[in-house]
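1. predicted model follows, preceded by the sequence.
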Amino acid sequence: DKCTTIDLTPLSSIDIVMMLDPLDVDRDQLSKELQLRTAGNPFYVTHLIRYLDTQSASESATLAISKLPPNSREIVSRQLCDLAPATREALAVASVEGGTFSISTTAATLGVSAAELIVLLEPAQRAWLICEDGTEFAFRHALLREALYQTIDSSRRRYIHLTLACILIERGDAYSNSARISDHLEKASPTADSSEIQRFALLAGRQAAARFAYSDAQVFFRRALNSIVNDPTRSIVRECQIRLEYADAQLHAGQRDGSRETLLETVRLSRASSLYSILASCALDLTPEYLSIEVGEYDPTGSATLFL
């Protein structure tokens, strides 16, 4: 919320010259080659220059350019290869936490102390892969995090996501971290407990709705709904209650047709199970006045089905 995003325009060869070592006799040629190769993309230019700085100073510009990584993923891969295995492991685990990661949480996931983790991360800081921000670190670019994240096999990623969720739950501040916990549990599926997925998805959805962030609320309510539908111990009562909250979020997000469809599906389920209180809630949401103002044209046939 406190970040400012600045859109950078492509760098010209003149801009790139200013970024190169002033003692490099081939600056002009290098800048033109880099501009041509990267189309002036600031991320590619910056990381290619850092890569060039690690190469032999005696090489000609042509030779140096010929050795440059062919794409952004290769750039990242070569940078990571220069790090010790323990540092790469720490970064990989941190990448599962997100673009920013907590020292305490990542250390707990790795089973090391905060001080030990900071020592492991120092080479990554010197390589400009991450930066420190108080008690947190941040990856300098989303591509770095994505490349690290992809180095972890899927089963281990799910385990780390589940571990992170458990750590956040056990710390006692699960309420304030409900959205993060829900995201981790979702990505840990199917190893995560379905009841926990539903619990934190609902909590995050209600918090989002309370902030009037109804688009976000829809995501979480839909997540809870998907979980309970696929749950062998599925409770129709609970499913209908989630559907009501989902329909309300859809309505306030402007998805009127979707809200109506969700309500009518809830009608079908609650009527089949004789859940009259839920049926009454649907009736209230589908009354002519409410429907004509909030959801669209009143459908007397659909509304009448509530009372059959």
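-> Looks like it arrived, so ask away. Numbering: from 1, shown residues only.
2. could you list the low-pLDDT ranges of the stretch 151-300 of the chain?
-> The model of the stretch 151-300 of the chain has pLDDT under 70 over residues 287-300.
3. can you give me the helices for it?
-> In the stretch 151-300 of the chain, the helices defined using DSSP state H, counting those that start in this stretch lie at 154-170, 178-188, 194-210, 214-229, 236-252, 256-272, 276-285, 288-290, 300-304.
4. could you dump those into JSON lines and include distance to Pro123 and mean neighbour count?
-> For the C-beta atoms, the positions are set from N, CA and C on the backbone; glycine is no exception. JSON lines is the format used below for those (distance: least, C-beta to C-beta, whole Å; neighbours: other C-beta atoms under 10 Å):
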{"stretch": "helix 154-170", "distance to Pro123": "21", "mean neighbour count": "18"}
{"stretch": "helix 178-188", "distance to Pro123": "27", "mean neighbour count": "22"}
{"stretch": "helix 194-210", "distance to Pro123": "35", "mean neighbour count": "21"}
{"stretch": "helix 214-229", "distance to Pro123": "37", "mean neighbour count": "21"}
{"stretch": "helix 236-252", "distance to Pro123": "45", "mean neighbour count": "21"}
{"stretch": "helix 256-272", "distance to Pro123": "50", "mean neighbour count": "19"}
{"stretch": "helix 276-285", "distance to Pro123": "58", "mean neighbour count": "16"}
{"stretch": "helix 288-290", "distance to Pro123": "61", "mean neighbour count": "11"}
{"stretch": "helix 300-304", "distance to Pro123": "63", "mean neighbour count": "11"}
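5. which among the ones you listed is found nearest to Pro85?
-> Closest approach to Pro85 among the helices of the stretch 151-300 of the chain (C-beta to C-beta): helix 154-170, 15.3 Å.
6. any chance of the helices of the stretch 151-300 of the chain in CSV with distance to Ser31 as columns?
-> Converted to CSV, these look like this (distance: least, C-beta to C-beta, whole Å):
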stretch, distance to Ser31
helix 154-170, 40
helix 178-188, 42
helix 194-210, 47
helix 214-229, 44
helix 236-252, 52
helix 256-272, 52
helix 276-285, 63
helix 288-290, 64
helix 300-304, 67
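7. do you know which of these lies nearest Ile6?
-> Ranking the helices of the stretch 151-300 of the chain by proximity to Ile6 (C-beta to C-beta) places helix 214-229 first, at 24.9 Å.
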